[in-house]
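Participant: only the shape, not the letters, is given here:
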């Protein structure tokens, strides 16, 4: 399950990144705009623009690496 990992990420990098979760069943219009065809889907935004999309469950260290946050 990805939710606990995202909560951990949000806490660890509080003030550096913003983590948001979207329930695609409750927000189908936003899911459609993001072209969410598979879940879990992570979309990274920079200055309001999507810059990277990752599909599938990942661990904390994998997410950190994909964001360039790991040493």
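Facilitator: Sure, I can see it. Every value quoted in this text rests on a predicted model; they were computed, and no experiment measured them.
Participant: how much space between the spatially closest residue to residue 18 that is not a sequence neighbour and residue 4?
Facilitator: The shortest distance from residue 18 to any non-neighbouring residue, by Cβ to Cβ, 6 or more residues apart in numbering, is to residue 10 (7.9 Å). C-betas here are computed from N, CA, C, even on glycine. According to Cβ to Cβ, to the nearest Å, residue 10 and residue 4 sit 11 Å apart.
Participant: strands along this structure, start to end?
Facilitator: For the chain, the strands defined by DSSP state E occupy 41-46, 49-55.
Participant: now do the buried residues in the first one.
Facilitator: Buried residues in strand 41-46, defined by neighbour count with 16 or more other Cβ atoms under 10 Å: 41-42.
Participant: contacts for it, please.
Facilitator: 34, 50-55, 58, 63, 66-67 (Cβ atoms under 8 Å, 6 or more residues apart in numbering).
Participant: switch to 7 Å and redo it
Facilitator: 34, 50-55, 67 (Cβ atoms under 7 Å, 6 or more residues apart in numbering).
Participant: now those residues in TSV, with neighbour count?
Facilitator: Output for the contacts of strand 41-46, formatted as TSV (neighbours: other Cβ atoms under 10 Å):
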residue	neighbour count
34	15
50	11
51	9
52	11
53	12
54	15
55	13
67	16
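Participant: report the two of those separated the most.
Facilitator: Farthest-apart pair in the contacts of strand 41-46 is 34 and 67; separation 17.8 Å (Cβ to Cβ).
Participant: report the beta-bridge partners for the residue nearest the centre of the chain.
Facilitator: Most central in the chain under Cα atoms, centre = their mean is residue 42, positioned 3.5 Å from the mean C-alpha point. Beta-bridge pairing for residue 42 (DSSP bridges): residue 54.
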